[in-house]
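Trainee: quick one, what's the 3D model for this:
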Amino acid sequence: MATTLLSIQSHVVYGHVGNSAVAFPLQRLGAEVLPLNTVQFSSHAGYPGWRGRAFEAAAIEECVVGLEAVGALALCDGVLSGYLGKAEVGEAMLSAVAAVRAANSAAAYCCDPVIGDVGRGLYVEAGVAEFLRKRALPAATIATPNAFELSFVTGLPVDDVAGARRAIAALQTTGPRVVLATSLALNDTPADALDMIAAESGEAWRLRTPRLPIAVNGAGDLIAALFFLHWLRRRSAAEALAAAASSVYGIVAATAAAGARELRLVEAQDELLHPTRRFRPEAI
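Mentor: Numbering: from 1, shown residues only. From the prediction side, this is the model:
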């Protein structure tokens, strides 16, 4: 039986962020995806002239009621949340998580706490960051913050391996038993590389990939989704990290080679199943 995921996050008509970045890759890996959109924008908000709107919490709640009516919630192996738009939408998202868990007690919840990034700071509406820190992350099975988000939600510096591990452990005490920290530029990370650390059950692994000459939207959304799916199937943070990081690196490399601004998900889809380069994490 295929793994089924309810994915609650943003949607863009053009480009690949949020559900537009994760639905096809998850499907290509054989998962059933139920995309529930928190916003619908013409494109990523970084483009000039973008248009669209964030949905109200009631729209999310209505869809969840409809999914329950057709028995879809009981089929879900997990819920993935990303960009929320508004804190009230977050509450509707958590209600959806509770409804899925009521229908399937084994269902996991992966919270990608989309809050901000190094160099940009916070870029979400007032209330969203605190909602994620106080309400969503404590309910999560898995959390996938970037370096900025990990430091923000824990109040701890993430400058070296020891600091990253302390921050991850602090986050785990609040709820999520598995943490994937991405986009880490630690004091021993070479300038031409990026690190990721995954932690589970008192163990941690670091994986390093070359830093590619491109900053592309949606890569964080993609790695959170792939890590979640691989963890659900393998129940190993180390194996999920290796699989997800290798695929995302291949797709971003193909995007850079094409000189594109949006992830080349269709053209580089073979990277999802057979990554050109396979990276292995090391225990730390």
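Trainee: buried set for stretch 198-206?
Mentor: For stretch 198-206, burial by neighbour count (16 or more other CB atoms under 10 Å) applies to Ala198, Ala199, Glu200, Ala204, Trp205, Arg206. The way it works is simple: take the backbone N, C-alpha and C, and place the C-beta from them, glycine included.
Trainee: please tabulate these in a markdown table, including the columns secondary structure and pLDDT.
Mentor: Below are the buried residues of stretch 198-206 laid out as a markdown table (DSSP: H, G, I helix; E, B strand; the rest coil; pLDDT from 0 to 100):
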| residue | secondary structure | pLDDT |
| --- | --- | --- |
| Ala198 | strand | 98 |
| Ala199 | strand | 98 |
| Glu200 | strand | 98 |
| Ala204 | strand | 98 |
| Trp205 | strand | 98 |
| Arg206 | strand | 98 |
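Trainee: in TSV: those, plus distance to Ser7.
Mentor: Formatted as TSV, the buried residues of stretch 198-206 follow (distance: CB to CB, whole Å):
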residue	distance to Ser7
Ala198	20
Ala199	23
Glu200	22
Ala204	27
Trp205	25
Arg206	27
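Trainee: closest one to Val79 out of these, please.
Mentor: Glu200 (18.9 Å; CB to CB).
Trainee: so who does that closest one touch?
Mentor: For Glu200, the contact set (CB atoms under 8 Å, 6 or more residues apart in numbering) comprises Arg177, Val178, Val179, Ser236, Ala237, Ala238.
Trainee: with Val216 instead?
Mentor: Val252, Thr255, Ala256, Arg261, Glu262, Leu263.
Trainee: what's the local residue count around the first one?
Mentor: This means Val252. By other CB atoms under 10 Å, the residues close to Val252 number 23.
Trainee: gap between it and Leu194?
Mentor: Applying CB to CB, to the nearest Å, the value for Val252 to Leu194 is 10 Å.
Trainee: low-confidence stretches in the stretch 51-200 of the chain?
Mentor: Along the stretch 51-200 of the chain, the model assigns pLDDT under 70 to no residue.
Trainee: can you give me the strands for it?
Mentor: For the stretch 51-200 of the chain, the strands defined by DSSP state E, counting those that start in this stretch occupy 52-54, 78-81, 108-111, 116-117, 121-122, 142-143, 178-184, 193-200.
Trainee: for Ala256, phi and psi?
Mentor: Dihedral angles of Ala256 (phi, psi; degrees, to the nearest 10) stand at phi -60, psi -40.
Trainee: use 45 as the first number for this chain going forward.
Mentor: Done: numbering now begins at 45, and the last item shifts to Ala300.
Trainee: list the residues that contact the nearest residue to it once chain neighbours are set aside.
Mentor: Counting by CB to CB, 6 or more residues apart in numbering, the nearest residue to Ala300 once its immediate chain neighbours are dropped is Ile258, at 4.2 Å. Taking CB under 8 Å, 6+ apart as the contact definition, Ile258 lies against Val296, Thr299, Ala300.
Trainee: quick check, Ile258 in a strand?
Mentor: No - counting by DSSP: H, G, I helix; E, B strand; the rest coil, Ile258 is located in no strand; its state is coil.
Trainee: output the contacts of Glu244 as CSV; include the columns distance to Glu100 and neighbour count.
Mentor: Listed next are the contacts of Glu244 as CSV, based on distance: CB to CB, whole Å; neighbours: other CB atoms under 10 Å:
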residue, distance to Glu100, neighbour count
Arg221, 32, 14
Val222, 32, 24
Val223, 31, 25
Ser280, 39, 16
Ala281, 36, 25
Ala282, 40, 20
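Trainee: specify which member of those residues is nearest to Gly171.
Mentor: Comparing the contacts of Glu244 against Gly171 with CB to CB places Val223 closest, at 23.5 Å.
Trainee: shouldn't the closest one be in contact with Asn190?
Mentor: No - using CB atoms under 8 Å, Val223 makes no contact with Asn190, being 11.7 Å away.
Trainee: what is in contact with the two at once?
Mentor: Common neighbours of Val223 and Asn190 are not found (criterion: CB under 8 Å, 6+ apart).
Trainee: tell me how many other residues crowd the residue nearest to Thr82 when sequence neighbours are not counted.
Mentor: In this structure, Thr82 finds its nearest non-sequential neighbour in Gly129, 4.8 Å apart by CB to CB, 6+ apart. Number of residues near Gly129 (other CB under 10 Å) recorded here: 23.
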